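In: Using only what follows, build the 3D model:
(one chain, ligands or ions: 1)
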Amino acid sequence: MTTTTTAQRPQKRPAVYSVRQELPHNRPYDLYYAEKVPLLQVFEKAVLAWDNRSRSGILRNLVRSVGVGKPMQAAECGVYRGHSLVACLRIARDLRVPVNFIGLDSFAGLPSLVEEDLKVAPENAPYRNKVLFDDTSFEAVNELVTSAGFADRAKLIRGFFVDTLPTLPETRYDFVNIDCDLYAPHIECLEYFYPKMNAGGIIFFDDYHSRDFPMAKSAIDKFLEDKPETLLHLRFGPEGTNHTKCYIEKL
Ligand SMILES: C[S@@+](CC[C@H](N)C(=O)[O-])C[C@H]1O[C@@H](n2cnc3c(N)ncnc32)[C@H](O)[C@@H]1O
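Out: Below is the predicted model of the structure:
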């Protein structure tokens, strides 16, 4: 008898994606989504920590009951189809914490590889010969975000980080998800966001342990070598190509 488990990936990716195919963020988390669970847990931790830092007890309860007030600032570097962005927005909404989320992506796939990528990329890595993650669009992700009810909470910024980061308004951040695979984008995002993090704010790294993108580790290690923060590691589900994630809390 053949049994199917929730841990098995569907064989074919649907051509059209919708709000119904987003990651679930309610616990218990489904094993199929193991790779995303640490992000959702760490984002929840960042939201609660922000809420504690920003408000006294009475004010917190009052503001939470109506879900308004000064927003938490968050960013995602590498949005792709918007699923992790919307899942995080839902967590903040469930916790009644107002958030301003900036979602940065080329919406045209990964940029060209640099020498540091070519040095460590597996010989058979598909991205050596073709652009990955170009099967998305700004318009489709904007529609996903809007139909999930987050048009006023999330702003998508289209373009390569090297061009878009310098155009962002000057502000401080409480949470940043860096999910951009390659060496140079990691360095660009870290150089931009690290000095702008509030104390206690979290930078989450999706690809530090990725076997497919080992250049993420090279970039993060290089950037953090003279910084005081410690990388914290978190795995959900079975050992996988990218089930262990890490993050730092800004000192
Ligand atoms: C793995 S996908 C992100 C997945 C998404 N966070 C999720 O969990 O659903 C990586 C994304 O990073 C984007 N990216 C990588 N380097 C970039 C750069 N320098 N500028 C803009 N986007 C970049 C790619 O376009 C791609 O959509």
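In: near the ligand, which residues of the protein?
Out: Taking Cβ under 6 Å from any ligand atom as the criterion, the chain approaches the ligand at residues 78-81, 83-84, 105-106, 109-111, 133, 160-161, 179-182, 185. Every C-beta, even on glycine, is put in place using the N, C-alpha and C of the backbone.
In: rerun at 8 Å
Out: Applying Cβ under 8 Å from any ligand atom, one finds that the chain approaches the ligand through 23, 36, 39, 76-85, 104-111, 132-134, 136, 159-162, 164, 177, 179-182, 184-185, 188, 206-207.
In: So, low pLDDT: which residues of the chain?
Out: For the chain, the stretches with pLDDT under 70 are 1-33, 56-69.
In: give me the residue from it nearest the ligand.
Out: Gly78 (3.0 Å; Cβ to the nearest ligand atom).
In: contacting residues for that residue?
Out: Contacts for Gly78 (Cβ atoms under 8 Å, 6 or more residues apart in numbering) come out as Leu104, Asp105, Asn177, Ile178, Asp179, Cys180, Asp181, Pro185, Asp206.
In: Quick one: buried ones out of these?
Out: Among these, those that count as buried by neighbour count (16 or more other Cβ atoms under 10 Å) are Leu104, Asp105, Asn177, Ile178, Asp179, Cys180, Asp181, Pro185, Asp206.
In: Among these, which lie within strands?
Out: Per DSSP state E, strands hold the following members of those: Leu104, Asp105, Asn177, Ile178.
In: Give me the nearest residue to Ser133, chain neighbours excluded.
Out: No, residue 133 isn't Ser; it's Phe. Gly109 (4.6 Å; Cβ to Cβ, 6 or more residues apart in numbering).
In: on that earlier part again, any idea how far Asp152 is from the residue of the chain closest to the ligand?
Out: Distance of Gly78 to Asp152, computed by Cβ to Cβ, to the nearest Å: 23 Å.
In: cool, Gly240 as well?
Out: Distance from Gly240 to Asp152, by Cβ to Cβ: 36 Å.
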